[in-house]
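Asker: Turn this into a model:
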Amino acid sequence: IVVSRRRLIEVQREQMKKALLSELVEGQIRKGVVKNIADFGAFVDLGGIDGLLHITDMSYKVGAVGNSTSCESMDFLMDSETTYQASADGLFDLLERISHEGLANISTKLSHRVDENENIYELIKGKLRLFYFKTEEDFLIICTTALIKKSQAVDPKHVKKAIRLKHEYLEAVKQNTLTVIEENENGD
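Answerer: The predicted model follows:
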């Protein structure tokens, strides 16, 4: 008997592919392994089939780091002076857009990296700023209170605070002491 290992693997893959195709449903959430990343998206092994996850389909869950039961960033934006209300509304709209569409189509005028080593980014709308970082789990974590930017230069003390809060967040995740306070669409 002559057995081809290659042919055996091909048959097994074909069986896995047929089984997977029979259970796939549009809109279904599935785990996979990223095999390759390109400018236009990521190729993901779904366990027998490689799929393309287009960059426009990638989105983020948005959260904020804090030490209380309320979100200082959102409180600041909601209580902004009338002078900054349009910018605050713009930041809310930008966060909503990112949560649905991801960061791929956000211009560098609205978001850019302010610390290369720690991967801290800045969201910009008018004179208002929010610093954030991204996690491997597709979370965009706001790590400062909103601030009013008075000049073009990024204030190093705000970047240091963002880095400190990022480290506190990562440590809380590591120690399994992270408390998640979720709000639904009604604010409850």
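Asker: Does D115 have any beta-bridge partners, and if so which?
Answerer: I120 (DSSP bridges).
Asker: Shouldn't K35 be within a strand?
Answerer: Yes - K35 sits within a strand when classified using DSSP: H, G, I helix; E, B strand; the rest coil.
Asker: E26: how many residues sit nearby?
Answerer: 4 (other CB atoms under 10 Å). To be clear about C-beta, it is placed using only N, CA and C from the backbone, and glycine gets the same treatment.
Asker: Over to it. Which of the three states is it?
Answerer: Assigned by three-state DSSP, the conformation of E26 is coil.
Asker: same thing with H100?
Answerer: H100 ends up helix, using three-state DSSP.
Asker: next one: the one 3 residues further on
Answerer: Using three-state DSSP, the structure places L103 in coil.
Asker: Count the neighbours of it for me.
Answerer: Counted with other CB under 10 Å, L103 comes out at 18.
Asker: my guess is it meets F133, correct?
Answerer: No - using CB atoms under 8 Å, L103 makes no contact with F133, being 11.8 Å away.
Asker: ok, which stretches of the chain are strands?
Answerer: In the chain, the strands defined using DSSP state E lie at 33-38, 41-45, 50-54, 61-64, 111-115, 120-125, 128-134, 139-142, 147-148.
Asker: among those strands, where is the model least confident on average?
Answerer: For the strands of the chain, mean pLDDT drops lowest on strand 61-64, to a mean of 64.
Asker: Roughly how far does R7 sit from D50?
Answerer: 21 Å (CB to CB, to the nearest Å).
Asker: Who has more neighbours out of those two?
Answerer: Set side by side, R7 and D50 show more neighbours around D50, with 13 against 9, by other CB under 10 Å.
Asker: Write down the beta-bridge partners of the more buried one, one by one.
Answerer: D45.
Asker: Spit out the residues that contact L103 and F133 alike.
Answerer: Common neighbours of L103 and F133, counting by CB atoms under 8 Å, 6 or more residues apart in numbering, are L140.
Asker: quick one on the thing from earlier: the strands of the chain: which one's closest to E168?
Answerer: Smallest distance to E168 across these (CB to CB): 10.7 Å, for strand 139-142.
Asker: same for the closest one, what does it pack against?
Answerer: Using 3 or more CB pairs under 8 Å, 6 or more residues apart in numbering; DSSP states H and E, the elements in contact with strand 139-142 are strand 61-64, strand 128-134.
Asker: what comes up buried for that strand?
Answerer: 140-142 (16 or more other CB atoms under 10 Å).
Asker: Output those as JSON lines; include the columns distance to L21.
Answerer: What follows is these, written out as JSON lines (distance: CB to CB, whole Å):
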{"residue": "L140", "distance to L21": "33"}
{"residue": "I141", "distance to L21": "37"}
{"residue": "I142", "distance to L21": "40"}
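Asker: Looking at these, which one is closest to A42?
Answerer: Distance to A42 across the buried residues of strand 139-142 (CB to CB) is lowest for L140, with 17.4 Å.
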